[in-house]
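Q: Model the structure of this input:
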Amino acid sequence: LSSSSSSDDIEIDTFWELMPSLVASRFPNVPDDSLKRVAGMVEHALHPNNQELLEKSILDNPWRPHDEIHAYMPGLGETTPFWDTSELSICQKLSENFETIRSEYEALLTDKKDRFQSVTSMNYESGWKTLVLFYNGHRIPDFPYHLCPKT
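A: Numbering: from 1, shown residues only. Here you go, the predicted model:
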C-alpha cells in the first residue's frame, strides 16, 4: 500500500506499506498484477481518506452512493446497474418457483419469533430487513427449517 496521499496532512501507518508483500507471500503463484487489486481493496478499507482512491467513473455516477461504499475492489471495470432478467438463469428459477417460495415464506411468518434483521448499515434507515437462512455456509441453530423444506 502506498503511504502517499494527495493530502499531505494524512499519514498511513507504515505497516500497511508491507501489505502487498504480505499478500504476495500468501499467494506466491499469483502474478503481482493480479494482486494489485487485492492490495487496492485493503488500501481502500484502511485509508483515512478513501474517497480519493475511487475511480472517476464511480465518483461521477449519480446512482453510486460513493460516500457509503464499504467494500471496493479497484479495476473491475464498468458496472451494469440493471440486468435483463432473461439473461440471468437465477431469475428464471425464481419465477418458476414463485408459488413454493411464497408459501414457505408465509409459513415462516407464522413462526412467533421475528427472524428478520437488518444486515448492513445501509439497511437501517430504509427499514430493509433480511431473513437469514444460513450464516457463513452453516445452518442457524433453532431455525425452523421444517417450515421451508424446499427453499
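
Q: going forward, measure contacts and count neighbours with C-alpha atoms only.
A: OK.

Q: what's the burial count for residue 37?
A: 17 (other CA atoms under 10 Å).

Q: Which residue is the nearest non-sequential neighbour of it?
A: Counting by CA to CA, 6 or more residues apart in numbering, residue 37 lies nearest to residue 74, which is 5.6 Å off, once chain neighbours are set aside.

Q: Could I get the pLDDT score of that neighbour?
A: For residue 74, the pLDDT comes out at 81.

Q: what's around it, how many residues?
A: Neighbours of residue 74 using other CA under 10 Å come to 16.

Q: With residue 136 instead?
A: Residue 136 - counted by other CA under 10 Å - has 6 other residues nearby.

Q: cool, residue 30 as well?
A: Residue 30, neighbours per other CA under 10 Å, totals 12.

Q: worst-scoring helix or strand of this protein, pLDDT-wise?
A: Least confident helix or strand, the chain: helix 121-126 with a mean of 68, by mean pLDDT, DSSP states H and E.

Q: Okay, now the unreliable bits of this protein?
A: 1-16, 19-20, 118, 120-124 (pLDDT under 70).

Q: Specify the helix with the largest residue count in it.
A: Longest helix of the chain, by residue count under DSSP state H: helix 32-46.

Q: same for that one, what does it pack against?
A: When contacts are defined as 3 or more CA pairs under 8 Å, 6 or more residues apart in numbering; DSSP states H and E, helix 32-46 packs onto helix 19-26.

Q: Which helix or strand contains the residue nearest in space to the middle of the chain?
A: Taking CA atoms, centre = their mean, the centroid of the chain lies closest to residue 71, which sits 6.2 Å from it. Using DSSP states H and E, residue 71 sits in no helix or strand.

Q: what about residue 23, how many residues close to it?
A: Residue 23 has 16 nearby residues by other CA under 10 Å.

Q: ok, now residue 39?
A: 24.

Q: if we can go back for a sec, could you identify the helix or strand that succeeds the longest helix of the chain?
A: The helix or strand immediately downstream of helix 32-46 is helix 56-59, counting by DSSP H and E.

Q: Could you pull out the buried residues of that following helix?
A: Judged by neighbour count (16 or more other CA atoms under 10 Å), helix 56-59 contains no buried residues.

Q: Report the distance from that helix to the chain centre.
A: Distance of helix 56-59 from its chain centroid, counting by CA atoms, centre = their mean, to the nearest Å, is 18 Å.
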